[in-house]
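*Asks:* Sequence and predicted model, in that order:
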Amino acid sequence: MRTAAAKYEEIVKCIGCCKETRESGLRQESDSRVRSSMATNKEVLEWWKWESIGAACEPKCGGYRCGACQPGGKEMTLAEEKELERIKEGLSYVASDHHIDAPHWDASYPWTEDPASLQINREAVMATFLRTEKRLLKQPEWRTAYGEQVHEMVRRGAAVRLTPEEIQEWKGSVWYVSHLVAPNPHSVTTPVRLVWNSSQAFKGVSMNDLLLKGPDVLNPIRAVLLRFWTGEHAALGDITKMYNSVWLKDRERHLHRFLWRDNPEEDIGSTPSRG
């Protein structure tokens, strides 16, 4: 395939009648001018971008000097590729360890700096939790569905309730992740969902600020469409609770603590998320 660039212009002609031509009954063309249409050019370039299905030449600057090119037809820049390698280095597949006897993945996060710089944000997250709890108390159905999601995480082993002794003995970094109510009106069985907010900042810093983001590893829609066209059948799969199926190493576990209690009369507990 080949792409090309072109400049599109609109030709606007003004047909006027001056005094002399009106008297003679003759018409003449005058005041011809060329006007570039930005809207038209933008629409054409956007159409050309999709029509080329990603066949544009890379790198654009030459020599990969800008660091933003996608060499070799990859869907990531050089910087994103380096971040992806850092993320992969933090993943390890083990047959068994002190977490569980079954084979599983362990993960450590790609920190841009030591998470020890994070200050304990328990009081700020507690304020968020109390607001969430107050909202749930006004909607009994929401409260039941929301609490069931927390208990389901504990039953699956995706979260473990910390004892006061474990909290006291841990000497490493600590960070609390807040969770919020997300109404889900299209579902009858789950009217609300529990969502995590790792972007909540405390004293100007959030946990996400200290993490490498990496590239977008989702399949480009154009690639998915092309693969659909090449065959007669397509298959779709999903991993249930995928984000809770990867074990976090001990440091990351305590950087994923969250607060919960089943009713306002109980003490607020601290629970680290495993994945």
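*Replies:* In hand now; what should we look at? Treat the numbers as computed from the prediction; the structure is a model and nothing was measured.
*Asks:* tell me the phi and psi of Val195?
*Replies:* phi -120, psi 150 (degrees, to the nearest 10).
*Asks:* Counting neighbours, what do you get for it?
*Replies:* 10 (other C-beta atoms under 10 Å). Placement of C-beta: from N, CA and C, glycine included.
*Asks:* The nearest residue to it once chain neighbours are set aside: which element?
*Replies:* Excluding its sequence neighbours, the residue lying closest to Val195 (C-beta to C-beta, 6 or more residues apart in numbering) is Ala182, at 4.6 Å. Ala182 is located in strand 178-183, with elements delineated by DSSP states H and E.
*Asks:* List the strands paired with that strand, with their directions.
*Replies:* With DSSP bridges as the test, strand 178-183 is paired with strand 192-197 (antiparallel).
*Asks:* State the pLDDT value of the residue nearest in space to the middle of the chain.
*Replies:* With distances taken as C-alpha atoms, centre = their mean, Asp216 lies nearest the centre of the chain, 8.0 Å away. Per-residue pLDDT puts Asp216 at 83.
*Asks:* Going forward, count from 23.
*Replies:* Okay, using 23 as the starting number, the last item reads as Asp238.
*Asks:* Pretty sure Trp192 sits against His276.
*Replies:* Yes. Taking contacts as C-beta atoms under 8 Å, Trp192 lies within contact range of His276: 5.7 Å.
*Asks:* who's more crowded, these two?
*Replies:* His276 (23 against 16).
*Asks:* The more buried one contacts Ser195, correct?
*Replies:* Yes. With contact defined as C-beta under 8 Å, His276 counts as touching Ser195 (6.7 Å).
*Asks:* show me where the stretch 23-172 of the chain has strands.
*Replies:* Assignment of strands within the stretch 23-172 of the chain using DSSP state E, counting those that start in this stretch yields the ranges 32-38, 50-57, 113-116, 126-129.
*Asks:* Least reliable of the ones you listed by average pLDDT, please.
*Replies:* When the strands of the stretch 23-172 of the chain are compared by mean pLDDT, strand 50-57 comes last with a mean of 43.
*Asks:* For stretch 123-134, output the C-alpha coordinates as PDB.
*Replies:* Extracted as PDB, the C-alpha positions of stretch 123-134 are listed here (Å, rounded to 0.1, in the frame of the first residue of the first chain):
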ATOM      1  CA  ASP A 123       0.700 -23.700  46.800                       C
ATOM      2  CA  ALA A 124      -0.800 -23.400  43.300                       C
ATOM      3  CA  PRO A 125       1.100 -21.900  40.300                       C
ATOM      4  CA  HIS A 126       0.500 -18.200  39.900                       C
ATOM      5  CA  TRP A 127       1.900 -14.900  38.800                       C
ATOM      6  CA  ASP A 128       3.700 -12.500  41.200                       C
ATOM      7  CA  ALA A 129       3.900  -8.800  40.400                       C
ATOM      8  CA  SER A 130       5.900  -5.900  41.600                       C
ATOM      9  CA  TYR A 131       5.300  -2.400  40.300                       C
ATOM     10  CA  PRO A 132       7.500  -0.300  38.000                       C
ATOM     11  CA  TRP A 133       8.200   2.500  40.400                       C
ATOM     12  CA  THR A 134       9.800   5.700  39.100                       C
END
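*Asks:* which outside residues touch that stretch?
*Replies:* Residues outside stretch 123-134 that contact it (C-beta atoms under 8 Å, 6 or more residues apart in numbering): 105, 108-109, 111-119, 121, 137, 232-234, 236, 267-271, 273-274, 277, 297.
*Asks:* what about burial for the residues you listed, which qualify?
*Replies:* 105, 109, 121, 137, 232-234, 236, 269-270, 274, 277, 297 (16 or more other C-beta atoms under 10 Å).
*Asks:* ok, back up a step: in helices, which of the contacts of stretch 123-134 appear?
*Replies:* Glu105, Arg108, Ile109, Glu111, Arg273, Glu274 (DSSP state H).
*Asks:* I'd like these laid out as TSV, including distance to Arg183 and pLDDT.
*Replies:* Listed next are those as TSV, based on distance: C-beta to C-beta, whole Å; pLDDT from 0 to 100:
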residue	distance to Arg183	pLDDT
Glu105	34	92
Arg108	32	93
Ile109	29	92
Glu111	31	93
Arg273	19	90
Glu274	18	91
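*Asks:* Alright, calling it a day.
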